[in-house]
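Engineer: can't give you the sequence, but here's the structure:
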C-alpha cells in the first residue's frame with residue numbers, strides 16, 4: 001500500500017510530462033504547419049500584401065499629342081508639371097492637424113474647409129491640387145507633411161492664347177478632351193496610360209522611381225488644315241465687324257473650294273483655353289449654331305431653277321414693282337423692280353424675284369435643290385456638336401416663297417459656306433474637313449490623312465459658271481448689295497444675306513433682330529478660296545453688305561496674297577452714264593425706286609472694248625427684247641407687261657457694253 005501510494009505521484013508526473021510533451025509537440029507541429037503555410041502556400045499573397053504596405057502603383061496619363069496648323073506651327077502642346085496628393089490616413093497619423101491643413105491649403109491657394117471635406121471621404125488617395133507651379137511645389141516640400149506627396153503629370157497649354165480656341169477646344173483635369181478638336185480626336189491624342197511604382201516610407205512619404213517598362217508614351221501628333229496667318233486675319237476682321245456693329249457674336253470661315261480643307265474657322269467672342277472659366281463661350285458657333293440664312297439662299301434657288309430647266313439665263317421675271325401677294329401674305333422688296341433678269345435679281349437681292357423663281361421650281365424642285373447643296377444634313381466636317389439645320393419640305397405656296405430667299409429654314413454658317421464652295425468649284429459639293437493628317441510621334445508614320453470627299457454634284461459646271469458671273473455682279477454692279485466686299489486688285493463673287501430673326505416671345509419675326517452675312521469666293525476666274533462672314537444681331541446698320549462684306553474683303557485680301565494669287569488690276573465699276581429723260585407718264589425722279597435708266601452693269605468676264613448701238617425694241621415681247629439686249633451685252637430694266645412701247649435710251653444711241661436699257665411694256669391694243 002505504501003509502495004502504491006509512493007508510486008502514484010510519480011505516475012502523475014509522467015502523465016503530466018507526457019501531456020506537456022504532447023502539447024509542445026502539437027505546438028511545434030502547428031508552428032511548422034503555419035510556417036509552411038506562410039512561407040510556401042501563401043507566400044505570394046503575403047508578399048503582395050507586404051509590398052502593398054510600402055509600394056504604390058500610380059496611373060499616369062501620357063503626354064498628350066500636340067496639335068499644329070498646316071505649316072507645323074504649334075497650336076496645342078503639353079508640358080511636364082507636378083500635382084499634389086494626400087493619403088488622409090497617413091496624414092492623420094503623422095500630425096495632420098487643422099493647423100497643418102490650413103498651412104497646406106494656404107501654400108496651394110485652395111479652400112481649407114473644402115480640402116478637409118475631401119480628406120474626410122475615406123479614400124486613401126486624394127488630389128489636393130493638380131498641376132501646381134514651381135513656387136507651390138517648393139512650399140509643399142518645406143511643409144514636409146506625412147502622407148502628402150508630389151506626382152508628375154502633364155499640363156495642356158495653348159501658346160497662341162485665344163487663337164482658334166473654339167476650333168481647338170479644351171482638355172479637362174484628367175486629360176480628356178472636352179470640346180473641339182481635343183474632343184473629336186481624343187483617342188489618338190491621349191496615347192497610352194502608364195503605371196508608375198512608388199515606395200512609401202514609415203512616415204507615409206512617397207517617392208516615385210523608374211522601373212523597366214514604365215516609359216511614358218506620347219499621343220499622336222495632329223496636323224490641322226487651318227493656316228495660322230489666315231486664322232489671325234479672320235479673327236481680327238470678325239472682331240472688328242462684331243464690335244463695330246455692337247452685335248452679339250460672329251463667325252468667319254475660309255475653305256479651299258477644290259479640296260474642302262478648312263483654312264480658317266473663327267468665332268467671336270472667344271475664350272482663353274489656358275485660363276478657361278465656367279461660363280466662357282466655348283462652343284464652336286460655325287458648326288453648332290443654326291440661323292435662318294436669308295438672302296444667301298437666293299443664289300442656290302436660282303442655280304436650282306437653271307439646273308432643272310425652270311429658268312433660262314435670258315428669261316425675264318416679273319418682280320411686281322416690289323410686291324408679291326402669296327396665300328394671304330405680301331412679299332415685299334426693299335427696291336421695287338418690274339420685269340428683270342435673274343442676274344439683276346441677285347445683284348439687288350430681290351425677295352419677290354427669288355420667290356417667283358422658287359414658284360417656278362415648285363415644292364419638290366425647291367426641296368431637291370436645297371438638299372443638293374447640303375442643307376438639312378450635317379457637313380461631316382468631323383467636329384463635335386455639329387447641327388443638322390432644317391430644310392423641311394415646303395407645304396404651302398408661302399413656304400415655297402419664303403424658303404426661296406432663306407426663311408422658313410435654318411443652316412449653320414459652315415453649311416452655307418460649303419454650299420457656296422460648290423458653285424466655286426464647278427457645281428460639286430465637297431465635304432469640308434479640318435484634320436490634314438495624324439502622325440505617330442515615334443515613327444513618323446501617317447496614321448490618318450484627310451482627303452477630298454465629293455458628296456454629290458449640286459449643279460452642272462455650266463450653271464455654276466453662270467452663277468459665278470452673276471455673283472460677280474452682286475459685288476461690281478453699282479446697285480449691287482455686296483459692293484463693300486470688293487478688294488483692290490482682284491475680282492470676287494458673292495452674296496449678301498440679311499435675315500430677320502424670330503422673336504422667341506411672340507413667335508413672329510422681330511423688327512430689330514437680324515442675322516447678317518456675306519458669303520463669296522475669289523478670284524472669279526479661278527476660285528482659290530471661299531469665305532463666309534456671319535454677324536448675329538448687329539445694331540444700327542444691319543445689312544449684310546454693310547456689316548459682313550467689309551470683313552470678307554479684309555480676309556480675302558490677306559488670303560489671296562497668302563496664296564500667291566497675282567492681282568488682276570482695279571475692278572471698280574465705271575461711273576454711270578448720264579441719265580436719259582424718263583419716258584412720258586413715268587413717276588417723278590424722287591418717287592422712283594429704280595436706278596437711272598442707263599448705267600453700267602458689271603458682268604462676268606472682261607467687257608469688249610468700244611460702244612454698241614441700242615437696237616429698236618418697239619413691239620417686242622419682254623423675252624424677245626431681253627434676248628436682243630443680251631446678245632449685244634446689254635442689260636434690261638422692264639416695267640409693266642405686254643409688249644415694248646417705249647425704251648430709253650432711244651434706238652440708235654451709242655452706249656457702253658454692259659449698259660442697262662429701260663423698257664416700258666403695255667398690253668397690245
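Structural biologist: Noted; the coordinates are in hand. Note that the structure is predicted; figures quoted are calculated from it, not measured. Numbers count the residues shown, from 1 in each chain.

Engineer: does residue 484 belong to a helix, a strand or coil?
Structural biologist: Three-state call for residue 484 (DSSP: H, G, I helix; E, B strand; the rest coil): helix.

Engineer: quick one: contacts for it?
Structural biologist: By CB atoms under 8 Å, 6 or more residues apart in numbering, residue 484 lies in contact with 545, 546, 549, 550, 553. Just so you know, the C-beta spots here come from the backbone N, C-alpha and C atoms, and that holds for glycine as well.

Engineer: how far away is the most centrally placed residue in the chain from residue 395?
Structural biologist: By CA atoms, centre = their mean, the chain has its centre lying nearest to residue 286, at 3.4 Å. Separation of residue 286 from residue 395 (CB to CB, to the nearest Å): 30 Å.

Engineer: ok, residue 470 next?
Structural biologist: Distance of residue 470 to residue 395, given as CB to CB: 30 Å.

Engineer: more neighbours: the two, which one.
Structural biologist: residue 470 (26 against 9; other CB atoms under 10 Å).

Engineer: does the more buried one really touch residue 349, like I thought?
Structural biologist: No. Between residue 470 and residue 349 there is no contact under CB atoms under 8 Å: 11.9 Å.

Engineer: how about the residue nearest to the centre of the chain, secondary structure?
Structural biologist: helix.

Engineer: show me the contacts for it.
Structural biologist: Contacts of residue 286 by CB under 8 Å, 6+ apart are 166, 167, 251, 253, 265, 266, 267, 412, 413, 414.

Engineer: one more pass at 10 Å, please.
Structural biologist: Contacts of residue 286 were listed using CB atoms under 10 Å, 6 or more residues apart in numbering, and they are 166-167, 251-253, 262, 264-267, 381, 383, 386, 412-415, 417, 532, 534.

Engineer: shouldn't residue 243 be within a helix?
Structural biologist: Yes. Counting by three-state DSSP, residue 243 is located in a helix.

Engineer: show me the contacts for it.
Structural biologist: 250, 268, 269.

Engineer: what's the neighbour count on the closest residue in space to residue 231 that isn't next to it in sequence?
Structural biologist: Among residues not flanking residue 231 along the chain, residue 264 sits closest, at 4.6 Å (CB to CB, 6 or more residues apart in numbering). Residue 264 has 29 neighbouring residues, counting by other CB under 10 Å.

Engineer: mind checking what helix or strand follows the worst-scoring helix or strand of the chain on mean pLDDT in sequence?
Structural biologist: Using mean pLDDT, DSSP states H and E, strand 206-208 stands out as the lowest-scoring helix or strand of the chain, at a mean of 50. As assigned by DSSP states H and E, the chain's next helix or strand after strand 206-208 is strand 221-224.

Engineer: could you list every helix and strand that that next one packs against?
Structural biologist: Packed against strand 221-224 by the contact rule (3 or more CB pairs under 10 Å, 6 or more residues apart in numbering; DSSP states H and E) you find strand 67-68, strand 74-86, helix 165-168, helix 180-184, helix 186-190, strand 262-268, strand 435-439, strand 446-449.

Engineer: against which helices or strands is the last one packed?
Structural biologist: Right, the one you point to is strand 446-449. When contacts are defined as 3+ CB pairs under 10 Å, 6+ apart, strand 446-449 packs onto strand 221-224, strand 435-439.

Engineer: for the residue lying closest to residue 183 once chain neighbours are set aside, what are its contacts?
Structural biologist: Nearest non-adjacent residue to residue 183, counting by CB to CB, 6+ apart: residue 177, 3.9 Å away. Contacts for residue 177 were tallied using CB under 10 Å, 6+ apart; they are 64, 156, 168-171, 183-187, 189-190, 384.

Engineer: any regions of the stretch 501-650 of the chain where pLDDT drops low?
Structural biologist: Low-confidence segments of the stretch 501-650 of the chain (pLDDT under 70): 569-610, 630-631, 633.

Engineer: sounds good, over and out.
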